[in-house]
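Undergrad: Sequence and predicted model, in that order:
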Amino acid sequence: MKYLGLIWHSVWRKKIRTSLTILSVFVAFLLFALLSAVGFAFRGGEDVADAERLIVLEKVSIINPLPSSYQARIQAVPGVEAVTHANWFGGYYQEPRNSQFAQFPVRPYEYFTLYPELQMPEEQLRAWANNREGAVVGSQMAEALGWEVGDRIPITATIFPKTDGSMTWEFDIEGIFASDDPRGVTNFMLFDYEYFDEARAHSRGQVGWYILRVEDGADPVAIANAIDRQFENSPAETDTSTEAAFAASFAAQFGNIALIVSLILGAVFFTLLLVSGNTMSQSVRERISELAVLKTVGFEDSTVLGIVLSESVLIMLLGGLLGLGTGWLLIQSGGLLPGLYLPASTILLALAFMIGAGVLAGLFPALKAMRLSIIDALAVRA
Amino acid sequence: MTAIATLRGVSKTYQKGKERVDVLHELDLDIPEGDFIAVMGPSGSGKTTLLNLLGGLDKPTVGTVTVGGAELSSMSNNQLSRWRSNNVGFIFQFYNLLPVLTAQKNVELPLLLTNFGGAERAKRAQIALDIVGLADRATHHPRELSGGQEQRVAIARAIVSDPTLLLCDEPTGDLDRDTADEILKLLQTLNREHGKTIVMVTHDAQAAEYANRTLHCDKGTLETREAA
Ligand SMILES: Nc1ncnc2c1ncn2[C@@H]1O[C@H](COP(=O)(O)OP(=O)(O)OP(=O)(O)O)[C@@H](O)[C@H]1O
Ligand SMILES: [Mg+2]
């Protein structure tokens, strides 16, 4: 592109003005990257949710336990393919603030069958199942706490003391699992329910909730109703819903945040267009005679249009790529919030915005430059 | 002598609101190849308009303008752009250099429209700067140059694509006597040694002395007077 030098130097005609414009583009795209990643995280639970996976909770409150005897009865409901259960352990590693990394007592093989999106080497799963005091950790959690396979780590319980009265549970890390979906959350730890149930001082035989998968083609809603009917009028009634519905009701609480995020971004981009549009029209107005000279020496009207538009797009790309890059680094470092992720589709969208906003901001100044009459423009100074 | 430029029955009328301004009136003119012509006349007499017609920046209301065999009056705007880049160089009173570019990059501008690569463009710009005596100022920006030097860069830009015709509108109007004389000598050299045909508008009778002939422009007509 032989005009690049000319375009580059023209962009930097007024260095401070251009720097300020680029700064505002930078801020806009930094916000775009961060807010998109946050919005994406809110919607993420809903998107990864598996419509064929149902969750069975105690009807009155999610914190009330269910008897472990329900497992066989749920399994017996027609259309249920597999079922397992989990508990909320509520411990922490070293400091209470680490309790964001949850721990769940589960049944190793059953749990990984129900969650095929969790990826872990087969031999690690076997090693875990064979070690009563074994545990496996999600990659996000292992990374955050610096854990590796082979480590023995103590977890301080807050709800479940051991039979000897101790609050410290020690586990051997036997495996690290990841999610095949980049948005999948893996900031939790799993250990063996059998060991948990034998070693805990109270509440034996109680599980937190059941997770089940329906057979291919079965109607999840009908099955959920059949399960709940079975436990009607018992001391522990159930409430069964699809994981997707569960995640959606959870995400709905953030619905307004998503709207606010869109409104903020809309306002930011509107301001951005005004700022850079103003920069471009000033820049064209200042060099009417220079543009006329380009035409005099033989630049066609369309070439002049292209040059001014390219200047505008270049300003957007300079600020935008810097902003997007900075946002990406912040997100990758996990310094803001662990588990945030900037998908490729958002990056492509941002690039399209940069070019689109550049063209939009430069359009009217560029048309003005294109339509400029040489004779009138040169007569201005004479 | 063959004519490089021919005007036949050229009239130019501007519409200023409701008022019609007859700037040029049924003009016939032949400009011989290799000539150096000064155009003088009172302000508003149509000198710049005449240059614009010769350079393909404007079209006559009536009549034909033929330059180097090309009939400008019937060409489209894009055709005129392409024609200008190959056949004519412009020099203005206020130089009109791009302040953001170095002298050499300013001179290279018309070459961006050619197929020359970067190295070839730089080489040709260097030669043009050498001809105007500014080879050592190639990397300077216009603000670092004197008025006379800026005008030399503008002349280098006008000759870099080797056009046959140079059109100058008061090229020394903004310069002091000595600097003006240097610029005029340079134009004379371009005319005599490089074979450029030059049409130069000027208000300065001393400047007109450098030309071979002087045309007097008044009330839309031209009158020729040979140089002494
Ligand atoms: N674009 C235009 N629209 C209307 N009138 C114009 C236009 N350009 C020139 N004129 C008129 O045409 C006449 C001749 O203008 P021109 O610029 O050719 O004069 P000039 O001889 O070059 O004058 P000067 O010595 O002041 O440069 C003037 O009366 C001017 O007002
Ligand atoms: Mg004039």
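TA: Alright, I've got the coordinates. Ligands and ions are numbered 1, 2, ... in the order given.
Undergrad: quick one: secondary structure of the residue in the stretch 51-200 of chain A that ligand 1 sits nearest to?
TA: In the stretch 51-200 of chain A, the residue that lies nearest ligand 1 is A:P182 (62.8 Å; CB to the nearest ligand atom). Heads up, the C-betas are built off the backbone N, CA and C, glycines and all. Using DSSP: H, G, I helix; E, B strand; the rest coil, the structure places A:P182 in coil.
Undergrad: can I assume it is in contact with A:Y341?
TA: Yes. The criterion here is CB atoms under 8 Å, and A:P182 meets it with A:Y341 at 5.4 Å.
Undergrad: tell me the contacts of A:G5?
TA: For A:G5, the contacting residues are B:K105, by CB atoms under 8 Å, 6 or more residues apart in numbering or on different chains.
Undergrad: Can you tell me the element it falls in?
TA: helix A:4-11 (DSSP states H and E).
Undergrad: And A:I153, by the same measure?
TA: If you go by DSSP H and E, A:I153 is part of strand A:152-156.
Undergrad: A:P182 and A:Y341: which has the busier surroundings?
TA: More crowded of A:P182 and A:Y341, by other CB atoms under 10 Å in any protein chain shown: A:Y341, with 15 against 12.
Undergrad: Spell out the secondary structure type for the nearest residue to A:V56 once chain neighbours are set aside.
TA: If the residues on either side of it in the chain are set aside, A:V56 comes closest to A:Y210, at 3.9 Å by CB to CB, 6 or more residues apart in numbering or on different chains. Counting by three-state DSSP, the backbone at A:Y210 sits in strand.
Undergrad: Would you mind confirming that A:Y210 makes contact with A:V83?
TA: Yes. A:Y210 is within contact range of A:V83, at 5.8 Å (criterion: CB under 8 Å).
Undergrad: any low-confidence regions in chain B?
TA: Along chain B, segments meeting pLDDT under 70 span B:1, B:219-228.
Undergrad: near chain A, which residues of it?
TA: Selection of chain B residues close to chain A by CB under 8 Å from any CB of the partner chain yields B:48, B:52, B:55, B:57-58, B:77-78, B:81-86, B:90, B:92-94, B:96, B:98-101, B:105, B:109-110, B:112-113, B:118, B:157, B:169.
Undergrad: Show me which of those are buried.
TA: B:48, B:52, B:55, B:57-58, B:81-86, B:90, B:92-94, B:96, B:98, B:100-101, B:105, B:109-110, B:112-113, B:157, B:169 (16 or more other CB atoms under 10 Å in any protein chain shown).
Undergrad: how far away is A:I153 from A:I55?
TA: When distance is defined by CB to CB, to the nearest Å, A:I153 is 28 Å away from A:I55.
Undergrad: Who has more neighbours out of these two?
TA: Neighbour comparison, A:I153 and A:I55: the larger count goes to A:I55, with 21 against 16 (by other CB under 10 Å).
Undergrad: so which strand or helix has the more buried one?
TA: Using DSSP H and E, A:I55 maps to strand A:53-58.
Undergrad: Mind listing the residues bridging to the residue nearest the centre of chain B?
TA: For chain B, the residue lying nearest the average C-alpha position, counting by CA atoms, centre = their mean, turns out to be B:L167 (1.5 Å). According to DSSP bridges, the residues that bridge with B:L167 are B:F90, B:V199.
Undergrad: Right, I'll call it a day here.
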